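Q: Sequence and predicted structure below; questions after.
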Amino acid sequence: MPAYNAARTLERTYADIPHDIVDRIILVDDVSRDDTVEVARQLGLDVIIHRQNRGYGGNQKTCYDAALAAGADVVVMLHPDYQYDATRIPDLIAPIQAGDKDLMLGSRFLGDPIAGGMPRWKYVSNRFLTGLENRAFGLHLSEYHTGLRAYSRRLLEAIPYHLNSDDFVFDQELISQVVAAGGLGIGEIGVPTRYFEEASSVGFQRSVVYGLATLRVVARFLLHRIRLRRSPKLTPRPPAA
Ligand SMILES: Nc1nc2c(ncn2[C@@H]2O[C@H](COP(=O)(O)OP(=O)(O)O)[C@@H](O)[C@H]2O)c(=O)[nH]1
Ligand SMILES: [Mg+2]
């Protein structure tokens, strides 16, 4: 769980995690201004604290490093803001456990995001970016912007995610890396949409920045694929000896 000011939602999020199949819960705190760390410790989570705020992508880098070091076979990324239904984790990871997929996304767009409270402007921009990314990446996903994802160990070992942005666009860069690597299966399951005050801090201005950064990810991917400009980010790591 990449956490930033999640004290008010962490306990609820934690309670929904299926503890029979999740061996370990790692929370990385990105210098929250609330009691996220205290709540996480009370719940018995493995807490890692950033000394400086690094952003959402920088937070995930620490999360995945820690999960790989802990020996994880399957890694689930879950926002601690109770926006995503953690009870769906078994269904989310089943295709990875079966060896069929390496990346699984919990998609709100297989249901009705507007009925779940997604603001209309977020719905429209999500649809637009998703359409564009599908065409560029040659995929048929229903959304790219979810906060519930699962990865196989071999994916995280192959993808040079440390080279990615420390900001929100990290998530989009990672998907472009998975496509560029080839041979990694991508799938999705439907999850409910939940919007409420604590679940969403990203406003219009940051969303525009995020949208433009996503366009840059797509452009970089296309230039790399037609071999006009090679990107180190999109070059998989060699397997560990
Ligand atoms: N590390 C870090 N995480 C952040 C920051 N801002 C938001 N987040 C996290 O990023 C995730 C998505 O942010 P959120 O406000 O829920 O976005 P939205 O649900 O898409 O509107 C949440 O889990 C937040 O805790 C930040 O400045 N640093
Ligand atoms: Mg949220």
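A: It's in. Ligands and ions are numbered 1, 2, ... in the order given.

Q: which helices and strands sit right next to the longest helix along the chain?
A: The single longest helix within the chain, with elements called by DSSP state H, is helix 204-225. Helices and strands touching helix 204-225, by 3 or more Cβ pairs under 8 Å, 6 or more residues apart in numbering; DSSP states H and E, are helix 120-137, helix 170-181. Quick note: C-beta positions are derived from backbone N, CA and C, even for glycine.

Q: ok, and does the shortest one reach over to ligand 2?
A: No: for a cut-off given as Cβ under 5 Å from the ion, helix 170-181 has no contacts with ligand 2; the smallest distance is 12.2 Å.

Q: Show me the contact partners of that helix.
A: Residues from elsewhere that reach helix 170-181, judged by Cβ atoms under 8 Å, 6 or more residues apart in numbering: 56-58, 60-61, 102-103, 133, 137-139, 144-145, 149, 155, 158-161, 164-165, 184, 186, 213-214, 217-218, 220-221, 224-225, 233-236.

Q: Apply 6 Å and report the result again.
A: When contacts are taken as Cβ atoms under 6 Å, 6 or more residues apart in numbering, the neighbours of helix 170-181 outside the stretch itself are 57, 60, 103, 137, 158-159, 161, 164, 184, 214, 217, 221, 234, 236.

Q: Can that helix be said to contact ligand 1?
A: No: Helix 170-181 is not in contact with ligand 1 by Cβ under 6 Å from any ligand atom; minimum separation 9.5 Å.

Q: How many residues are close by residue 209?
A: The tally of other residues near residue 209 (other Cβ atoms under 10 Å) stands at 14.

Q: same deal with residue 173?
A: Residue 173 sits with 25 neighbouring residues when counted by other Cβ under 10 Å.

Q: okay, it: pLDDT?
A: What the model reports as pLDDT for residue 173 is 98.

Q: So it versus ligand 2, what's the distance?
A: When distances are taken as Cβ to the ion, to the nearest Å, residue 173 and ligand 2 turn out to be 19 Å apart.

Q: for residue 28, same thing?
A: Residue 28 sits at a distance of 16 Å from ligand 2 (criterion: Cβ to the ion).

Q: Just the element for that residue, please.
A: Counting by DSSP states H and E, the element that carries residue 28 is strand 26-29.

Q: I'd like the next helix or strand past that strand.
A: Scanning forward in sequence from strand 26-29 by DSSP H and E, the next helix or strand is helix 36-42.

Q: State the number of residues packed around residue 94.
A: The local packing of residue 94 (other Cβ under 10 Å) involves 17 other residues.

Q: if I pick it, what's in contact with it?
A: Listed by Cβ under 6 Å, 6+ apart, the contact set of residue 94 is empty.

Q: The one 10 residues further on too?
A: Residue 104 sits next to 92, 95-96, 150, 187 when contact means Cβ under 6 Å, 6+ apart.

Q: Alright, calling it a day.
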